[in-house]
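In: let's see this in three dimensions:
(one chain, ligands or ions: 3)
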Amino acid sequence: MSDISVIANGKRVLADLNALRAIGTYKTGVHKPTFSEAHMRSLVWLTEKLPDAGLTGAIDGIGNVVGTSAKPGPKLLAGSHLESQNHAGWLDGPLGVVYALEAARVINTDPSIPGAVEVAAWCDEEGHFGHFLGSRSYVGLVTDADIDAARDRTGGKSMRDALREVGLAGRARMTASPGRHIGYLEAHIEQGDLLESSGLAVGVVTSIVGIWQYRISFEGEQNHAGTTRMAARKDAGLALAKFCVAIDARFPAACGPRTVWTTGRIALDPGAPSIIPGRAEMLFQIRDDDPAVIGRLEALLHVMAEEATAAGPCRIAVERIRTGAPAKMDPAFQDAIEVASKVLADGKSVRMPSGAGHDAQMLATVMPAGMLFVPSIGGISHHWTENTADADIVRGAQVFVEACRRLLARAV
Ligand code: GLV
Ligand code: MN
Ligand code: MN
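Out: Residues are numbered from 1 along each chain as shown. Ligands and ions are numbered 1, 2, ... in the order given. Modelled structure (predicted):
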């Protein structure tokens with residue numbers, strides 16, 4: 001099985017990625033929030049490409065596209081997402097969808113290669129309305145009530161209104177058919193700098209981090225910024241700033257080797273220069289691939305909040321608003337990517353955990369899953385300057401298609 005019998009068409013992969021970049025272009029990246037006109041046009045672009053890969057599919061009731069094949073033999077599900085963060089990069093998501101499409105075009109149309117690749121674009125991986133809504137819906141973890149409650153984090157529009165406006169209201173949502181797929185394979189840019197700084201071509205993902213998110217609220221006393229003596233103030237904004245600094249001082253003793261934490265949003269109320277904030281709020285995120293580490297840090301957050309409340313002058317409350325289990329990638333999928341890298345990338349691969357969340361962690365709840373990374377220039381992502389060298393994109397596509405072939409061949 002070491003002979004390479006299939007090869008990705010690098011020019012076609014680059015052309016497709018650039019075609020998607022031309023929809024909703026923002027500087028050198030894209031702006032494609034979930035259910036925006038540019039996102040919907042990208043989904044239509046994909047549905048129109050499916051027949052070239054022997055697939056049929058349409059956009060479902062939550063904005064997922066899943067192309068299915070009538071070819072006999074084992075089926076491998078592959079894909080990623082087509083919406084972006086606001087004003088962000090062109091490869092975060094589309095790379096994995098286009099690699100899947102390329103694998104399907106090469107494998108599904110060749111009767112001498114057993115099995116088929118089925119292509120998915122999962123909606124809202126970037127969490128405009130929730131988190132992993134499309135892939136979570138596919139694995140049966142999103143209720144109608146979840147959709148009723150979901151709102152766009154930027155403009156506040158309800159998800160029901162958004163679905164109605166883009167013509168998806170009332171459409172059925174596709175769900176995984178037990179036993180249909182041998183597993184799920186996703187490619188992604190690394191979004192960090194390990195591969196580039198080590199001169200490597202491929203990351204073989206071993207696990208994907210869990211993401212826990214918290215709303216931390218600070219209650220003080222709103223008052224006049226000129227007349228209130230410093231000693232008499234209950235400044236919720238200052239309490240928030242001190243809490244952030246305290247987290248950075250105390251977390252290192254309790255965290256794991258690759259734990260990360262981020263205060264991604266701060267709001268001061270009422271947020272005016274002449275008013276001492278009476279309330280403040282921060283959105284805080286912890287990521288690790290070990291739930292025990294996250295549990296320890298969450299407990300520490302509560303202790304710190306109690307201590308700071310006792311010390312005064314503000315009251316601090318910690319509320320968990322999101323949990324996401326970490327996922328282990330399937331060993332056979334890791335092996336297939338590694339062997340394909342030996343054949344097509346001079347063995348320049350490394351096994352590594354993913355610090356970013358990916359739809360693969362949702363698919364991993366119902367089937368074996370694997371992920372392949374390609375280098376990110378400068379490790380930049382979630383920014384419009386995100387990029388990967390064309391040669392790395394093409395090599396990654398070749399490794400991906402070969403890994404798909406190997407996974408299907410071993411399932412025959
Ligand atoms: C996914 O985009 C993440 O934030 O990890
Ligand atoms: Mn992504
Ligand atoms: Mn992303």
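In: how about the secondary structure of residue 396?
Out: helix (DSSP: H, G, I helix; E, B strand; the rest coil).
In: quick check, the residue in the stretch 1-150 of the chain closest to ligand 1?
Out: Ligand 1 sits closest to residue 126 of the stretch 1-150 of the chain, with a gap of 5.6 Å, by CB to the nearest ligand atom. (Glycine included, C-beta is placed from N, CA and C.)
In: state the distance from the nearest residue in space to that residue that is not next to it in sequence to residue 288.
Out: Spatial nearest neighbour of residue 126, excluding adjacent residues (CB to CB, 6 or more residues apart in numbering): residue 85 at 5.0 Å. Using CB to CB, to the nearest Å, residue 85 is found at 22 Å from residue 288.
In: sec struct for residue 337, please.
Out: Per three-state DSSP, residue 337 ends up helix.
In: doesn't residue 204 make contact with it?
Out: Yes - taking contacts as CB atoms under 8 Å, residue 337 lies within contact range of residue 204: 4.7 Å.
In: list the residues that contact both of the two?
Out: 349, 372 (CB atoms under 8 Å, 6 or more residues apart in numbering).
In: now the residue of the chain most remote from its centre, what's its secondary structure?
Out: Distance from the C-alpha centroid of the chain peaks at residue 227, with 47.9 Å (CA atoms, centre = their mean). Per three-state DSSP, the local secondary structure of residue 227 is coil.
In: residue ranges for the strands of the stretch 51-200 of the chain, please.
Out: 55-56, 65-66, 68-69, 75-80, 116-121, 181-189 (DSSP state E, counting those that start in this stretch).
In: give me the distance between the nearest residue to residue 256 once chain neighbours are set aside and residue 255.
Out: In space, and not counting its chain neighbours, residue 256 is closest to residue 293: 4.2 Å by CB to CB, 6+ apart. Per CB to CB, residue 293 is found 6 Å from residue 255.
In: find residues that contact each of the two.
Out: Contacts common to residue 293 and residue 255, judged by CB under 8 Å, 6+ apart, are absent.
In: between residue 337 and residue 204, which one's more packed in?
Out: Set residue 337 next to residue 204 and count neighbours by other CB atoms under 10 Å: residue 337 wins out with 29 against 23.
In: residues from the chain in reach of ligand 1?
Out: By CB under 6 Å from any ligand atom, the residues of the chain that approach ligand 1 are 126, 356-357.
In: by neighbours, which of those residues wins?
Out: residue 126 (24 neighbours).
In: so that one sits right up against residue 83, yeah?
Out: Yes - with contact defined as CB under 8 Å, residue 126 and residue 83 form a contacting pair (5.6 Å).
In: pretty sure residue 183 sits against residue 370.
Out: Yes - the pair residue 183 / residue 370 is scored as a contact, 6.9 Å apart, by CB under 8 Å.
In: what do the two both touch?
Out: By CB under 8 Å, 6+ apart, the residues touching both residue 183 and residue 370 are 330, 333, 407.
In: how many neighbours does the closest residue to the first one other than its chain neighbours have?
Out: Using CB to CB, 6+ apart and skipping residues adjacent in sequence, the residue nearest residue 330 is residue 368, 3.6 Å away. Burial of residue 368 is recorded as 17 neighbouring residues (other CB under 10 Å).
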